[in-house]
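Student: pasting the structure only:
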Ligand code: PEP
């Protein structure tokens, strides 16, 4: 039985004061036994959050370097994240692909860097609005995923979490219908099954304007194992409604 994951991505938001409040508010949250809950702060704060997070909250990173160390100004390596007790890292988020030139090739290297340190890679994929409207969703997601899966050892595929995030739904208030999201998740699971017998255990999360009103229906779909949550993770009251939907 797969667990339901609810992971927050704070993006470039929050500061030490609002984070202190967030952690205090989170103390009231009751994480259901079938749920895995986590949050990815801005990197400068993640070590603090990891040090102060309760046991029922995983702390993640929004990014990781594909390099192990050396002359790479501004980067943070997977080993450093591990040293700071970071449990998971987003990889290939559409905002990284769009604004920071992250290619499938770089994404593949980042996933492998994380796998070497035992940090869970949350591999993001998803089509743009134009690709959606022109019927290319599956082929785009397929090429994003194959670019990584072709270079990950079969036994390591079981260590991945995949987040399907249609770009047209991220931060726009437009959510994929549960039926459409389910179709895409089913497609992704079948694709992963070509690489690993663990595909049926793989958490596949939905991301894109997921909130307290739509989470329950999305999470009820057979192949949707929770959500990657942007805007609605910034306030514990909103985030908790999504956590409750995991029950
Ligand atoms: C995201 O950033 O991964 C995301 C899904 O954002 P939002 O929930 O704000 O659409």
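Tutor: Thanks, I have it. Please read these numbers as outputs of a predicted model, since none were measured by experiment.

Student: these two touch, right, residue 176 and residue 183?
Tutor: No - between residue 176 and residue 183 no contact is recorded; they are 9.3 Å apart, counting by Cβ atoms under 8 Å. The way it works is simple: take the backbone N, C-alpha and C, and place the C-beta from them, glycine included.

Student: so the two - more neighbours on which side?
Tutor: residue 176 (26 against 16; other Cβ atoms under 10 Å).

Student: next, the contact list for the more buried one, please.
Tutor: Going by Cβ atoms under 8 Å, 6 or more residues apart in numbering, residue 176 touches 166, 169, 184, 206, 208.

Student: that one should be in a helix, yeah?
Tutor: No - using DSSP: H, G, I helix; E, B strand; the rest coil, the assignment for residue 176 is coil, not a helix.

Student: give me the distance between it and the ligand.
Tutor: 11 Å (Cβ to the nearest ligand atom, to the nearest Å).

Student: which residue does the protein bring closest to the ligand?
Tutor: Nearest to the ligand in the chain, going by Cβ to the nearest ligand atom, is residue 230, at a distance of 2.2 Å.

Student: in the one helix or strand residue 132 maps to, what counts as buried?
Tutor: Using DSSP states H and E, residue 132 sits within helix 129-133. Buried residues in helix 129-133, defined by neighbour count with 16 or more other Cβ atoms under 10 Å: 131, 132.

Student: now it: average pLDDT?
Tutor: For helix 129-133, mean pLDDT is 97.

Student: got a list of contacts for whichever helix or strand comes after that helix?
Tutor: Once the chain leaves helix 129-133, the next helix or strand it forms, by DSSP H and E, is helix 137-149. Helix 137-149 is contacted from outside by 92, 104-105, 107-108, 111, 123, 125-128, 131, 157, 162, 164, 166, 184, 187-188, 191-192, 194-195, using Cβ under 8 Å, 6+ apart.

Student: where along the chain do the strands fall?
Tutor: For the chain, the strands defined by DSSP state E cover 4-9, 35-40, 58-61, 88-91, 120-125, 161-164, 204-207, 226-229.

Student: now render those strands as CSV, adding mean neighbour count and mean pLDDT.
Tutor: Shown next, in CSV, are these (neighbours: other Cβ atoms under 10 Å; pLDDT from 0 to 100):
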stretch, mean neighbour count, mean pLDDT
strand 4-9, 25, 98
strand 35-40, 24, 98
strand 58-61, 23, 98
strand 88-91, 26, 98
strand 120-125, 26, 98
strand 161-164, 26, 98
strand 204-207, 27, 98
strand 226-229, 28, 98
